[in-house]
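Enquirer: give me a model of this one.
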Amino acid sequence: MLSRTVARFDAYQRTHRWIGFPVAVVYKFVDDQGVYLTALIAHYAFVSLFPLLLIAVTILGFVLQNDPELQQRLIAAALKQVPLLGPELGDQVTSFGGSGIGLVIGVVGTLFGGLGVAQAGQNALNTMWSVPRNKRPNPVAARLRSLVLLAVFGTGVLATTVLTLIGGFSNTDLLNAALVIPVSMAANAALFAVLFHFGTTHPTRLRDVAPGAVLAGVVVHLLQLFGVYLLSSSLDRSSALYGLFGVVLGLITWITLQATVVVFCAEIDVVRTRRLWPRALLTPFTDDVDLTRADRAAYTDYAKAQQHKGFETVEVSFAEPHPADGTSDDA
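Expert: Purely as a prediction, here's the structure:
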């Protein structure tokens, strides 16, 4: 009975895109070990966050040395991009005079974490697009590319922060909803489109990455707007029990959630562009399954992505689950 139900659902999702496509995206995420890709991005993002905050506070200390009140208003407005945790972090961050040592520490820490985020992002995108290892940037080129991506990302974050400041200083919620929110979503979408396009050595077009970038821009901004409702129950309790440790735990959760959204959206672009759907429903669970064309294409890409040298040849073939005549279908 169970096998018949599974078979019927498998046949249905293979012929109906509205369910077959999401299933294929989830399977691609699992095949690419998306959880580990996300964790690596989140780790470096967390490492770079506090040095970046130190840079911001130090620069404000130099520029607005005679206006501590305005410093605090700017810091508080910027921290609104971290829902629920912003007020907690704001209580811990106070204005102080500019410090050259603080600026140096912040720059070094931000470069370490920021380059780590860019490296992890490149690795994730190259993995998702199944770029052969010999066609990925060498260590020097990868880090130079990371610097460029970091500069683009920093410019994008600065733009969205300015928009947040405009919304924070506006006196009407209508202005914030009608102008700032849509523009922020559009800015996020443009930023993700650039990162998705230039973050991989696979030849992509902007229209290939546009759907995932737009979805990522909208969802990430919605998470920033409504994150307080998603995290309030757990973070209120953890903050009360563990104090600052609860804030850190919530911050890690928040960063990981956003990284997961971005990776999933990038997977959507890959599955859509390479038509890696529909997938056989039982492929993650057993070898006794009839592979679809998309299954064979995906598994062929995974194998060829392990090519380390240009003179190395990787060939992929598939045998039937129950071969009767010993023949196989070459991919």
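Enquirer: burial count for Leu37?
Expert: Neighbourhood size, Leu37 [other Cβ atoms under 10 Å]: 23. To be clear about C-beta, it is placed using only N, CA and C from the backbone, and glycine gets the same treatment.
Enquirer: and what of Phe192?
Expert: Using other Cβ under 10 Å, Phe192 is surrounded by 25 other residues.
Enquirer: which residues touch it?
Expert: By Cβ atoms under 8 Å, 6 or more residues apart in numbering, the contact list for Phe192 reads Val209, Gly212, Ala213, Ala216, Gly217, Val220, Val262, Cys265.
Enquirer: then Ala142?
Expert: Gln119, Gln122, Arg136.
Enquirer: isn't the second one up against Pro137?
Expert: Yes. The pair Gln122 and Pro137 qualifies as a contact (Cβ atoms under 8 Å) at a distance of 7.4 Å.
Enquirer: common neighbours of the two, please.
Expert: In contact with both Gln122 and Pro137: Arg145, using Cβ under 8 Å, 6+ apart.
Enquirer: could I get the contacts of Ala142 as CSV with secondary structure, distance to Leu191 and neighbour count?
Expert: Converted to CSV, the contacts of Ala142 look like this (DSSP: H, G, I helix; E, B strand; the rest coil; distance: Cβ to Cβ, whole Å; neighbours: other Cβ atoms under 10 Å):
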residue, secondary structure, distance to Leu191, neighbour count
Gln119, helix, 18, 21
Gln122, helix, 16, 23
Arg136, coil, 23, 17
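Enquirer: low-scoring stretches of the stretch 201-331 of the chain, by residue?
Expert: 227-247, 321-331 (pLDDT under 70).
Enquirer: which stretches of it form strands?
Expert: For the stretch 201-331 of the chain, the strands defined by DSSP state E, counting those that start in this stretch cover 317-319, 328-330.
Enquirer: tell me which other helices or strands the first one touches.
Expert: When contacts are defined as 3 or more Cβ pairs under 8 Å, 6 or more residues apart in numbering; DSSP states H and E, strand 317-319 packs onto strand 328-330.
Enquirer: what about Arg17, distance to His308?
Expert: Taking Cβ to Cβ, to the nearest Å as the measure, Arg17 falls 36 Å from His308.
Enquirer: who's more crowded, those two?
Expert: Shown here are Arg17 and His308; by other Cβ under 10 Å, Arg17 has more neighbours (12 against 9).
Enquirer: okay, that one and Ala186: tell me how far apart.
Expert: Distance from Arg17 to Ala186, by Cβ to Cβ: 27 Å.
Enquirer: cool, Thr260 as well?
Expert: Thr260 is 22 Å from Ala186, by Cβ to Cβ.
Enquirer: neighbour count for the two, which is higher?
Expert: A direct count of neighbours by other Cβ under 10 Å for Thr260 and Ala186 places Thr260 higher, at 18 against 15.
Enquirer: find the nearest non-adjacent residue to that one, please.
Expert: Spatial nearest neighbour of Thr260, chain neighbours left out: Thr38 (4.9 Å); criterion: Cβ to Cβ, 6 or more residues apart in numbering.
Enquirer: for Phe9, same thing?
Expert: Leu281 (6.6 Å).
Enquirer: which other helices and strands contact the one helix or strand Trp18 maps to?
Expert: Using DSSP states H and E, Trp18 sits within helix 17-31. On a contact count with 3+ Cβ pairs under 8 Å, 6+ apart, helix 17-31 meets helix 2-15, helix 244-273, helix 293-304.
Enquirer: just want the angle from the second one to helix 17-31.
Expert: Spelled out, it's helix 244-273. Orientation check (axes from the mean of the first three to the mean of the last three Cα atoms, to 10 degrees): helix 244-273 against helix 17-31 gives 120 degrees.
Enquirer: quick one: buried residues of helix 244-273?
Expert: Neighbour counts over helix 244-273 (16 or more other Cβ atoms under 10 Å) mark 246-248, 250-251, 253-273 as buried.
Enquirer: about what we covered before: now, which of the contacts of Phe192 lie within helices?
Expert: Counted as lying in helices by DSSP state H, out of the contacts of Phe192, are Val209, Gly212, Ala213, Ala216, Gly217, Val220, Val262, Cys265.
Enquirer: mind listing what the third one touches?
Expert: Taking Cβ under 8 Å, 6+ apart as the contact definition, Ala213 lies against Ala189, Ala190, Phe192, Ala193, Leu195, Phe196, Cys265, Asp269.
Enquirer: got those as TSV, with distance to Ser146 and secondary structure columns?
Expert: Below are those laid out as TSV (distance: Cβ to Cβ, whole Å; DSSP: H, G, I helix; E, B strand; the rest coil):
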residue	distance to Ser146	secondary structure
Ala189	22	helix
Ala190	20	helix
Phe192	17	helix
Ala193	18	helix
Leu195	11	helix
Phe196	15	helix
Cys265	21	helix
Asp269	21	helix
